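In: fold the following.
(one chain, ligands or ions: 1)
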Amino acid sequence: MTAITRHGLNAMAVSSPLPKDANVSFEFFPPKTEKMEANLWACVERLAPLGPQYVSVTYGAGGSTRERTHATVTRIRRETDLEPAAHLTCVGATREEIDAVARAYWDEGIKHIVALRGDPVEGIGEAYVPHPGGYAYAEDLVKGLRDIADFEISVAAYPEVHPQAVSAEADLDSLKRKIDAGATRAITQSFFDVEVFLEFVEKCRTAGITVPIVPGILPVTNFKRIRQFSNETGTSVPGWMADLFEGLDDDPDTRKLVAASVAAEQCRVLYANGIKDFHFYTLNRADLTYAICHILGVRPK
Ligand code: FAD
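Out: Predicted structure coming up:
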């Protein structure tokens, strides 16, 4: 059954046919300890059969995980059939240093970069100061990467506007410049209100941005932490979400079931509105992402 909400949104109920052509990608972070490394590999092995378009590995604030990111991406390249994408940021490094990292990736056969400005080492809310000899913004990094090799380049997008943007228009202009500089895909910050995302896609299309805008899906298991993260990133948390998680602070099992159901519904409604590509922030945990992919019709290949 497909229903139209008051905003013209197609709201798809679980009884509608399973999607057949959804594409997924997964994001991991580089592990700090051997135990975390084992955990990440268990997660990669569980999710790999779902045939993601690519799997990406984040780059810690201020480039703090440079070696670990490189090691993780390289291991994925060498030991799996997955297509790895390396996140790379401008923070705390010269252009030459960043170019050297990018060249090393290219030489390893890693040809997809998620190009980002990055957040200051001191934290998300702190003022950003470009490195004097570095790339200032993601747009500059995209241009630099284009000069190095024919990378596939994804960039970040913000349905609810980047918190440091002068205005929504300026932020959209900045996204357009990143695409015009050679990026081929935008992956969004997580969001919880589907309409916010769909309206953002419409604004991008009106602004002449034609590349895929891929929703970043964050299955929420720790609602308290999400509230904090949302404050920092300017992502709104709808009241209905607070209602759903109310009283579950000490009940992780139920929280997990609720989280899967919320994210699965989000994905199904997005799909019903024409969205076919989904990027999952896995937090190196496979279970929720696997379940949501299953509900999205994505099965082991
Ligand atoms: P930019 O596109 O450079 O924009 C940053 C801000 O500057 C925006 O407000 C923009 O409007 C403004 N701006 C752009 N150009 C100019 C200009 N010329 N003059 C003035 N202002 C300008 N962070 C990490 O540290 N590591 C990661 O691995 C990582 N992965 C991410 C993955 C995704 C999918 C997303 C959405 C975010 C990720 N981040 C990561 C967070 C990201 O680094 C931060 O959100 C950062 O604050 C902005 O990065 P950006 O690439 O969007 O920056």
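
In: which bits of the stretch 1-150 of the chain sit near the ligand?
Out: 58-59, 61, 87, 89, 114, 116-119, 137-139 (C-beta under 6 Å from any ligand atom). Heads up, the C-betas are built off the backbone N, CA and C, glycines and all.

In: give me the most central residue, the protein.
Out: Gly216 (4.4 Å; C-alpha atoms, centre = their mean).

In: tell me the SS of that residue?
Out: Using DSSP: H, G, I helix; E, B strand; the rest coil, the structure places Gly216 in strand.

In: and it, what does it touch?
Out: The contact partners of Gly216, by C-beta atoms under 8 Å, 6 or more residues apart in numbering, come to 27, 187-191, 279, 281.

In: would you check which pair of those residues lies furthest apart?
Out: Within those, two members stand farthest from each other by C-beta to C-beta: Glu27 and Phe191, at 15.1 Å.

In: circling back: who's the residue nearest to the centre of the chain bridged to?
Out: Counting by DSSP bridges, Gly216 is bridged to Ser190, His279.

In: for Thr254, see how far away the spatially closest residue to Leu198 that is not a sequence neighbour is.
Out: Sequence neighbours aside, Asn273 is the residue nearest to Leu198 in space, at 5.7 Å (criterion: C-beta to C-beta, 6 or more residues apart in numbering). Separation of Asn273 from Thr254 (C-beta to C-beta, to the nearest Å): 29 Å.

In: neighbour count: the two, which is higher?
Out: Asn273 (17 against 12; other C-beta atoms under 10 Å).

In: before we move on, the earlier item: as TSV, the contacts of Gly216 with pLDDT, distance to Arg268 and neighbour count would be great.
Out: Below are those laid out as TSV (pLDDT from 0 to 100; distance: C-beta to C-beta, whole Å; neighbours: other C-beta atoms under 10 Å):
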residue	pLDDT	distance to Arg268	neighbour count
Glu27	98	21	23
Ile187	99	20	22
Thr188	98	18	21
Gln189	97	21	21
Ser190	96	17	22
Phe191	96	16	24
His279	98	16	25
Tyr281	98	18	20
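
In: which single one of the residues you listed is nearest to Lys224?
Out: Ser190 (15.8 Å).

In: wouldn't that closest one be in contact with Leu218 here?
Out: Yes - Ser190 is within contact range of Leu218, at 3.6 Å (criterion: C-beta atoms under 8 Å).

In: any idea how far the ligand is from Pro84?
Out: 13 Å (C-beta to the nearest ligand atom, to the nearest Å).

In: show me what contacts that residue?
Out: For Pro84, the contacting residues are 54-57, 73, 76-77, 110, 112, by C-beta under 8 Å, 6+ apart.

In: show me how to select, in PyMOL, the buried members of those residues.
Out: Applying 16 or more other C-beta atoms under 10 Å to the contacts of Pro84 leaves a buried subset, and the PyMOL line that selects it is:
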select buried, resi 54+55+56+57+73+76+77+110+112
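
In: the ligand contacts on the stretch 201-301 of the chain?
Out: For the stretch 201-301 of the chain, the contact set with the ligand under C-beta under 6 Å from any ligand atom comprises Gly216.
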